[in-house]
Every structure is written in structure tokens, then in C-alpha cells.
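build me a model:
(one chain, ligands or ions: 2)
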Amino acid sequence: MKIKTICCIGAGYVGGPTMAVIAKQCPHIKVTVVDINEARIAAWNSKNLDHLPIFEPGLADIVKQTRDKNLFFSTDIDKAIDEAQMIFMSVNTPTKTYGKGKGMAADLKYIELCARQIARVSKQNKIVVEKSTLPVRTASAIKSILDNVGNDVNFQILSNPEFLAEGTAVQDLLNPDRVLIGGDQSTEKGHEAVQALVDIYANWVPKAQILTTNVWSSELSKLTANAFLAQRVSSINAMSEICEKTGADVKEVSKAIGMDSRIGPKFLNASVGFGGSCFQKDILNLVYIAKTYGLNEVADYWEQVIIMNDHQKNRFSDNIVSTLYNTVSGKKIAFLGWAFKKDTNDTRESAAIKVADNLLSEQAEIEVYDPKVSKERIYADLDYLKTRPSEENKTLLTVKTDPYQACKNAHAIAVLTEWDEFKDYNWESIYNSMQKPAFIFDGRGILDKQQLEKIGFAYYKIGSSN
Ligand SMILES: NC(=O)C1=CN([C@@H]2O[C@H](COP(=O)(O)OP(=O)(O)OC[C@H]3O[C@@H](n4cnc5c(N)ncnc54)[C@H](O)[C@@H]3O)[C@@H](O)[C@H]2O)C=CC1
Ligand SMILES: O=C(O)[C@H]1O[C@H](OP(=O)(O)OP(=O)(O)OC[C@H]2O[C@@H](n3ccc(=O)[nH]c3=O)[C@H](O)[C@@H]2O)[C@H](O)[C@@H](O)[C@@H]1O
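Numbers count the residues shown, from 1 in each chain. Ligands and ions are numbered 1, 2, ... in the order given. Down below sits the predicted model:
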């Protein structure tokens, strides 16, 4: 079956970039991305490409080439479902905040709503693709809804998890390490559906990198990949604390172990803690799944990755307080960075949020500069925690659009995101504008220690005591 029309439900960090790349690589396919969020769709359609809802290097260019040619953004979900031969579900699957599994299980209500809408609208056979990250065996629930609510049309369900990382989404989509497609190949229709999706990716991904598995392996591989990646960060962060006590330097340790080809050099940067919308949510989901099968040791094993990450964030703020003579009350701390990593405007679960919250509880005054994150987003992140009244957050924390202003008169600077531009600042001028002694706490280990110490800074970085 040759696919000519695709609909993607969910115009978020995954749906938007993924469909833009499919549209670019498959000019013969009409791709419509739909969402219930009207503002988001309007932003995707905005004439000024600087106003797209998501910042990703290279994305605006692809949208410019494809939008209104074979890539469309719309709020007319029914129409897009009706027209499409293949429907991607790319809606959010956050951690549940209520009821059974609260704080751990994935909340599947958005996925279920999608499935019900697809079932209600579809009048012809459809291939339904799970793009969202889902607990293993979700496809059976989706199938049950589609088959029981639907108009007697045939639905084939595939799992096609997304492995892109934010900040490098376009590159990851154009040159993926692998594409994973799970489907039921035991039936002719199932086989056809898998092949239809393979054919789409084969327009630009080498066949050897398109992996097909059964649905459950595919669903579970996504959770497993994120768990392994996050575990690496927690492992090196655990080592960073030992380094600080022993005189070892975590950068040197990372390099030394990364040269072992069995370990590999990537994803070994010690940090103030991993953030992002998925690592924590997906591990919690994995822990919940393990618990529901009574696999308590397995659950405890993976939960430790989160416990270590929380510890890393807390010990970063604790270190700031203890170094500043055990009090930050009334002291100004400048935050460089708020996003959970560089080259994205996404702040979900960013370590900066927890570090700021801890310091605000110690009555610090914080001034934040981030090149891509808006003031509204920063306040919304803090208010979401409900630690103190919103007004108090606004009084204690201000957001600057100029990093030099944020650092002026500060007692200390905390580097929370590894934005490249931080390395090139005029650090001498920043030093001169600060209170003395002038402290820097480098939560990403990106600044030049020697240069900063020569200027006069007291420089602290994660994973080193030298
Ligand atoms: N953010 C990332 O880098 C990655 C995310 N994922 C997974 O992809 C999924 C989506 O993640 P994001 O794109 O980050 O989420 P997001 O929150 O940015 O986007 C989801 C969108 O779905 C829309 N939506 C929800 N229910 C809807 C419905 N019934 N009809 C129409 N639209 C609806 C929301 O309005 C929202 O705009 C999640 O399962 C996530 O775990 C996977 C790989 C990478
Ligand atoms: O499912 C998802 O959402 C995605 O989650 C991660 O991607 P992402 O969260 O966008 O970004 P990463 O580059 O993985 O970084 C996650 C966090 O770990 C931190 N990190 C990463 C690497 C490292 O060495 N050290 C470190 O602290 C980053 O700063 C960031 O806060 C995975 O890398 C993607 O493969 C996956 O598709």
C-alpha cells in the first residue's frame, strides 16, 4: 500500500518536527498536523518563522520549504483523520497526577481520547501509529477501543517510538541511528501496514537502519532506551560526588572510561541533573509497570536513577548556600540558563526549576537569563510547584534579557544550562560588576576554570574539587 495522506494528532515537540521532516523527505505525501490547542496551531502557521511554537535548529527552514505545499497545520481534527490513510498519535503522555498510579503511571487519557476520535470518524481502513511513548501493551487497549467503537473498518496498529532529542531534533530525524517499527507481522494486513511505514522512512533512512519487531518489543524498547540513557547520567553524576570528595575530576574520569569501546564516550557529562519531559516520566512509568507485575527489585533498581537525579539537584543548591557562608537570604544569585539543555526553549523538568525553588526557600533573590526561554514560562514553571504564592515568586525572581544585567551586583552566578554563548562572555567585565568575593557554580562544567580564577572568581564545578 502506498501512503499518500498522513494525519498526525498532536503538534508538539515530537509531532511538529517529525511531520515536518516526513513532509520534506516525502513530497508525494500530504501531511496534516492537528491539535486541539488553537494557539499552538496558529503559531505553527505564523508568517514570521521566528514565532513557531518550538525552537529547534534547522526546523524553521524545513517548515518554510514545506508548509502549505504538502505540510499543513490545522485544528480540524475530524477532517484530517477522515482524509488520512495513516494516523500518527503524538499526544502527550504525562505522569498521572491523580488516582491509581498517581505520580508514577503514564496518564493515557489523551491517547484514549485520540483513539475514540479516530474510531468515531473513520469510514475507511486506517493504519494507526503510536508515536507517543507508551507503556508496554498499550496497543492492545487502543485496538480494543478502535474495534469496539469504530464503524467496522479495519485498523492496523503500529508502534513507532520517537528517539529524537530536543535541540538536535532535525538532525536526529534526518539521520536517525535507527527507526523502530513494531507491528503484527503474522497477518497479511499487519505485514502490509508495517511495510507501508517502512516505505515512508525508506525515502531517506537506509533500510538496514529500519528495524521491525513485534509491537510489545517496540513499545518497551522506547522506555528501555530512555531508562538506559538517564541511568548513564545518574551514574556519572554519582561519580561526580565521589570526585568532589577525593580530588578526582569527573571530566577526566568520563574521558578515561568513555575510551573503552564497550562503554563509549557519549552521554557521560556530569551535570546539575537531567531534565526534559521524558526521562523522569518514562522511568517512573517503567517502575510502575514493574511494580504492577510484582517485580519489586526491578522497580527499586530503576527508581534509584530518579533518586540520584533529585539528589544531584538538591546538592547543587545546598553547595551554593553552604559556600555563601551558610546563608543566601537577601543575596542575589544570577542564573545563566533555565532550559533543560541547550538549543531548546523547553523547560520541562529542568534542573533550574528545582534549584531556583530551593534557593528561593532560603530567601535568595534570583535573576535569570536564558537566551530562549520567556519570562512567562519561567514564572509558570515556578508557580506550578506551588511552594509559595505566585506574587512571592515574582518578587524574589526577576528575568533579564541581558546576561550582563542579570549578573550585575550578584553574589554568585549559577550556570544551569550549557548554552554555548556563556563561554564567550566578557567574564572580566562580569567580575567587575559583581559583589566580592564573586562566586561561580558551574552546573555544566562548561566554563574555563583557569581563566575565571585568574580574573578573581571563586569557581566551583560539578565533579571537581580542584
Ligand atoms: N519531547 C520529546 O523530545 C519527545 C517526546 N516523546 C513522546 O512523544 C509524546 C508527545 O510529546 P511532546 O511532543 O513533547 O508533547 P507536547 O505536549 O509538546 O505535545 C502534545 C500535543 O498533543 C496535543 N493533544 C493532546 N490531546 C489531544 C487530542 N485529543 N487531540 C489533538 N491534540 C491533542 C496537545 O495539545 C499538545 O499540543 C509523548 O508521549 C512523549 O513522551 C518521544 C520522544 C521525544
Ligand atoms: O523520549 C524523549 O523525550 C527523548 O529523551 C531524550 O532526549 P531529550 O530529553 O530531548 O535530551 P537529552 O539530550 O537526552 O538530555 C536529557 C537531559 O540529560 C542531560 N544530560 C544529557 C547527557 C549528559 O551526558 N549529561 C546530562 O546531564 C541533559 O542536559 C538534559 O537535561 C533522549 O535522548 C531521546 O532519545 C528521547 O527521544
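
what's around residue 450, how many residues?
Neighbours of residue 450 under the rule other Cβ atoms under 10 Å: 9. For the C-beta atoms, the positions are set from N, CA and C on the backbone; glycine is no exception.

pop out the phi and psi values for it.
Dihedral pair for residue 450: phi -60, psi -50, per degrees, to the nearest 10.

tell me the confidence at it?
Note on residue 450: pLDDT of 96.

ok, it - contacts?
Contact analysis of residue 450 by Cβ atoms under 8 Å, 6 or more residues apart in numbering lists nothing.

quick one, domains of this protein?
5-213, 215-466 (automatic domain parsing).

gap between the two ends of the longest one?
In this case it means domain 215-466. One end of domain 215-466 sits 50 Å from the other (Cα to Cα, to the nearest Å).

need the longest helix for the chain.
In the chain, taking DSSP state H as the definition, the longest helix is helix 215-246.

which is the next helix or strand following it?
Following helix 215-246 in sequence order, the next helix or strand is helix 250-258 (DSSP states H and E).

ok, which stretches of this protein are strands?
For the chain, the strands defined by DSSP state E cover 5-9, 30-34, 71-74, 86-89, 126-130, 155-159, 179-182, 210-213, 332-336, 365-369, 397-400, 412-415, 439-442, 458-461.

do the first one and ligand 1 meet?
Yes. Between strand 5-9 and ligand 1, judged by Cβ under 6 Å from any ligand atom, the touching residues are residue 9.

now the angle between strand 126-130 and that strand, please.
40 degrees (axes from the mean of the first three to the mean of the last three Cα atoms, to 10 degrees).

compute the inter-axis angle for strand 5-9 and strand 30-34.
20 degrees.

quick check on the residue nearest the centre of the chain: phi, psi?
Among the residues of the chain, residue 276 comes closest to the average C-alpha position under Cα atoms, centre = their mean, at 3.6 Å. Main-chain dihedrals, residue 276, degrees, to the nearest 10: phi 100, psi 160.

equivalent analysis for residue 350, please.
Backbone phi and psi, for residue 350 under degrees, to the nearest 10, turn out to be phi -60, psi 140.

that one touches residue 382, doesn't it?
No. Using Cβ atoms under 8 Å, residue 350 is not in contact with residue 382, being 11.1 Å away.

more crowded one of those two?
Comparing residue 350 with residue 382 by neighbour count (other Cβ under 10 Å), the higher total belongs to residue 350, at 29 against 23.

so for the more buried one, what's the pLDDT?
pLDDT, residue 350: 98.

please apply the same query to residue 377.
pLDDT at residue 377 comes out at 97.

check residue 410 too.
98.

do stretch 180-197 and ligand 1 come into contact?
No. Stretch 180-197 does not reach ligand 1 (Cβ under 6 Å from any ligand atom); its nearest approach is 11.7 Å.

same check, this time on stretch 348-362
No. Stretch 348-362 stays clear of ligand 1 (Cβ under 6 Å from any ligand atom), getting no nearer than 7.8 Å.

isn't residue 249 up against residue 463?
Yes. Using Cβ under 8 Å, residue 249 is in contact with residue 463, at 6.7 Å.

tell me how far the residue of the chain found nearest ligand 1 lies from residue 256.
Here the chain gets closest to ligand 1 at one residue, residue 12, 1.9 Å apart by Cβ to the nearest ligand atom. Residue 12 is 39 Å from residue 256, where distance means Cβ to Cβ, to the nearest Å.

neighbour-wise, which of the two wins?
Neighbour totals were compared for residue 12 and residue 256, and residue 12 leads with 21 against 11 (other Cβ under 10 Å).

correct me, but that one touches residue 90?
Yes. Using Cβ under 8 Å, residue 12 is in contact with residue 90, at 6.7 Å.

wait, isn't residue 227 in contact with residue 302?
Yes. If you go by Cβ under 8 Å, residue 227 and residue 302 touch, sitting 5.9 Å apart.

who touches both of these two?
By Cβ under 8 Å, 6+ apart, the residues touching both residue 227 and residue 302 are 283, 286.

the residue of the chain most remote from its centre and residue 122, how far apart?
In terms of distance from the mean C-alpha position of the chain, residue 152 ranks first, at 37.5 Å (Cα atoms, centre = their mean). Separation of residue 152 from residue 122 (Cβ to Cβ) stands at 10 Å.

residue numbers of the protein in contact with ligand 1?
9-15, 34-37, 40, 77, 90-93, 110, 113-114, 132-133, 162, 164, 166, 277-278.

show me where the stretch 351-466 of the chain has helices.
Here the stretch 351-466 of the chain has its helices, by DSSP state H, counting those that start in this stretch, at 351-361, 375-385, 390-396, 403-407, 427-433, 449-455.

deepest of those helices, which one?
Among the helices of the stretch 351-466 of the chain, helix 351-361 has the highest mean neighbour count (mean count of other Cβ atoms under 10 Å), at a mean of 23.
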